[in-house]
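I'd like to go over a predicted model; first the sequence, then the structure.
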Amino acid sequence: MTGLRILLGAAILGGLGAAAPFTPLWLISLVTLAMSTGLVVCGLIILWRGGLVPFGQALFFATGAYTVALSGRWFGVTDAFLLIALAVIMAALVAFVVGFLLAQYREIFFAMLSLALSMILYGVLVKSETLGSTDGVNVAQASFFGMKPRGPGYTFALFWLALGMVFSAWVGVSAYLGSIAGQLAGAIRDNEIRVEYLGISVTRLVHLKLTISAALAGAGGALAALSISHVDPQMAYWTTSGGFVFVTILAGAASVPAAFLGALLFEIVRTIAVALLPGGWQLILGSVLLLTILFVPEGLGSLMIRKRATVSEKGAA
Amino acid sequence: MSALLSVKGLEKTFGQVVAARDINVDVPQGQTVGIIGANGAGKTTFVNMITGHLTPSGGTIQFEGRDITGLPSRKIMRLGIARSFQVAQVFPTFSVFENLCAATAIARSGSSVVGAALSRFVSAETSADAETALGQFQIGQFRDALASTLPQGVRKLLDIAMATAGNPRVLLLDEPTSGISLEEKFGLMDVIMGALKARGTTILFVEHDMEIVQRFADRVLAFYDGTVIADGAPAEALGDERVREFITGTLIRSKDGSLNASRAFHA
């Protein structure tokens, strides 16, 4: 990734941040929530490129969210940055542990095993009174380096925090995707035997991918918890995981910014669908997914890449 | 001087089936060894045991004096034993150049996965290594072609070029000319041997074509029924009575049980 692209990205995000005070609060909340989904999808892209689709990424999302809620409730931690760091660490730690099992599996087995693990967490959350059971746990308002904005200021602060996280994730994930381990994703999908015989462990590469994707899911969960001010077991439920896979299909694995645009589009479509058809919004969402798979099977990101390629071809001509 | 690769009493059984038994071979540095034998004679089992694909049921394999028996393949790779495959193993959705970059990048990253996450895939070093390999194996004209679209011979060369990315001391080639037309075989072997000899690599290659073996091997290991029945210079090994009977088919047993040299042998 070039310095120019980083500057451009920073400028766009900075512009969004500056526009916040002139934007309706509901829209800011919606975008913040979309950013949290986008962070999870960034992680899914890393796995997706290696041919791995987890149906249980909500495991790490919920781990991040509950870490925020419980750190506040049990230990009185309120600093947003510290809460997010804790959530990322916890989610990555959980992934590191379950990774010893998960990284052994591929394809549908990987998908279903990850689903199984997330449903175990769901079961534990529902049954455990100390973890809030089905009611979940309220999240106290966070502070930002000692500052405690209230009312609209809090919404803005969270939004700016989200933009910072998006920027970090974008730079970090792009760097990872350009690294040897990142580029080997396609190689793993293509031919594991060859990768092993070049002298590197495929299992460990998958383990690393899983841990990184979980850290991002944890960050997304933390942001969602702060943004909604509440966590509940639904965050670990398989429909939540399904939503992440949905957005990944919508966004495609070609581009990191597409993960965030896809997440935003998903939130907007869902909001409109619920408003139009309160009892049957799934119908609209399903149709969008169907159309995506039919007409843009590589996702929104592929459109962006394709456009860029056309431009460079023209430039060469 | 001790052998670079030393195999003692190697055996492999799959249930009741004995795939390899009592294999004893010492390979000194720089030798080119041709491995011959009919299908099912144990050639590939032998290669698979040395490269860690199969764990031997008995016996030992030593490389540079170190016991490598039963180590996982990637560790054996790291120590300096690489292999190519009977069916070329490349990354079909990568270009030829990207395939070579992947190989050189892994070789340069050390065995560490974290190291691989922190180094760039296409760097000046990996590109330079990949370009060198393109030249050595004479596949430069296919540089940007997708590996899935390559002709068989080029795919074989790419597979072998990738195997050499870590500068292995020993390279095992499993039927490098299988699936290649008769006219192209010698040209292909010339390119492979030219590139490998320049690196001083010790080579073991499995081959069915006896002309190729005679031309390129310093030494021949003849496998039959899971073990080595002849081991020596090509002329000597290929002239062995049992090799002629069981492998090259230049000696046939007539109905009364006596041995007759066939026409092919006289020709």
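Everything's here; your move.

In what element of secondary structure is residue A:71 found?
helix A:58-75 (DSSP states H and E).

so for that helix, what's the average pLDDT?
Averaged across helix A:58-75, pLDDT comes to 93.

Now that helix: buried residues?
By neighbour count on 16 or more other CB atoms under 10 Å in any protein chain shown, the buried set for helix A:58-75 is A:58-73. (Each C-beta comes from the backbone N, C-alpha and C, glycine too.)

next one: stretch A:113-121
Quick answer for stretch A:113-121 (16+ other CB under 10 Å): A:113, A:114, A:115, A:117, A:118, A:119, A:121.

Could you single out the nearest of the residues you listed to residue A:180?
Using CB to CB, residue A:114 comes nearest to residue A:180 of the buried residues of stretch A:113-121, at 25.0 Å.

show me the contacts for the closest one.
Residues in contact with residue A:114 (CB atoms under 8 Å, 6 or more residues apart in numbering or on different chains) are A:54, A:55, A:56, A:57, A:59, A:102, A:241.

Sitting in strands, which of those residues do you find?
Using DSSP state E, no member of those falls within strands.

So which of these sit within helices?
A:59, A:102, A:241 (DSSP state H).

Go through those residues and name the one nearest residue A:38.
residue A:241 (15.6 Å).

so residue B:204 is in which element?
Counting by DSSP H and E, residue B:204 is part of strand B:202-206.

Pull out the buried positions in that strand.
So for strand B:202-206, counting by 16+ other CB under 10 Å, buried means B:202, B:203, B:204, B:205, B:206.

Do I have it right that the last one meets residue B:41?
The reference is to residue B:206. No - Residue B:206 is beyond contact range of residue B:41, at 10.1 Å (criterion: CB atoms under 8 Å).

Give me the helices and strands touching the helix holding residue A:71, please.
Under the contact criterion of 3 or more CB pairs under 8 Å, 6 or more residues apart in numbering or on different chains; DSSP states H and E, helix A:58-75 touches helix A:25-49, helix A:80-102, helix A:107-127, strand A:137-138, helix A:202-228, strand A:230-231, helix A:238-251.

Give me whichever of the ones you listed is most buried.
For the helices and strands packed on helix A:58-75, the largest average neighbour count (mean count of other CB atoms under 10 Å in any protein chain shown) is found in helix A:202-228, namely a mean of 27.

Could you see whether chain B lies near it?
Yes - if you take CB under 8 Å from any CB of the partner chain as the test, helix A:202-228 does meet chain B, through A:204, A:205, A:207, A:208.

any idea which of those residues is closest to chain B?
In terms of CB to the nearest CB, no member of the residues of helix A:202-228 next to chain B lies closer to chain B than residue A:204, at 4.3 Å.

I'd like the distance between the residue nearest to the closest one when sequence neighbours are not counted and residue A:188.
Distance criterion CB to CB, 6 or more residues apart in numbering or on different chains; nearest residue to residue A:204, sequence neighbours excluded, is residue B:113 at 4.3 Å. According to CB to CB, to the nearest Å, residue B:113 and residue A:188 sit 12 Å apart.

Quickly list what's touching both of those two.
Contacts common to residue B:113 and residue A:188, judged by CB under 8 Å, 6+ apart, are residue A:205.

From the centroid of the chain, which residue is nearest?
No chain was given, so I picked chain A. residue A:40 (1.0 Å; CA atoms, centre = their mean).

switch to chain B, that's the one I care about
Nearest to chain B centroid, counting by CA atoms, centre = their mean: residue B:173, 1.6 Å.

Direction included, what does the host helix or strand of that one pair up with?
Element membership of residue B:173, judged by DSSP H and E, is strand B:170-174. Here strand B:170-174 is paired, per DSSP bridges, with strand B:81-84 (parallel), strand B:202-206 (parallel).

Show the residue spans covered by the strands in the stretch 1-150 of chain B.
Here the stretch 1-150 of chain B has its strands, by DSSP state E, counting those that start in this stretch, at B:5-14, B:17-27, B:32-37, B:58-63, B:66-67, B:81-84.

Nearest to residue B:123, out of these?
Nearest to residue B:123, of the strands of the stretch 1-150 of chain B and by CB to CB, is strand B:81-84 at 21.8 Å.

Next, the buried residues of the host helix or strand of residue B:155.
Residue B:155 is part of helix B:152-163, with elements assigned from DSSP H and E. Of the residues in helix B:152-163, those with enough neighbours to count as buried (16+ other CB under 10 Å) are B:152, B:153, B:154, B:155, B:156, B:157, B:158, B:159, B:160, B:161, B:162, B:163.

So for stretch A:173-185, mean pLDDT?
On average, stretch A:173-185 scores 86.

do the same with stretch A:104-111
90.

Give me the residues contacting the lengthiest helix in chain B.
If you go by DSSP H, chain B has its longest helix at helix B:182-199. Here helix B:182-199 makes contact (CB under 8 Å, 6+ apart) with B:32, B:136-138, B:153, B:156-157, B:160-161, B:164, B:167, B:171, B:173, B:176-177, B:180, B:203, B:209, B:212, B:215-216.
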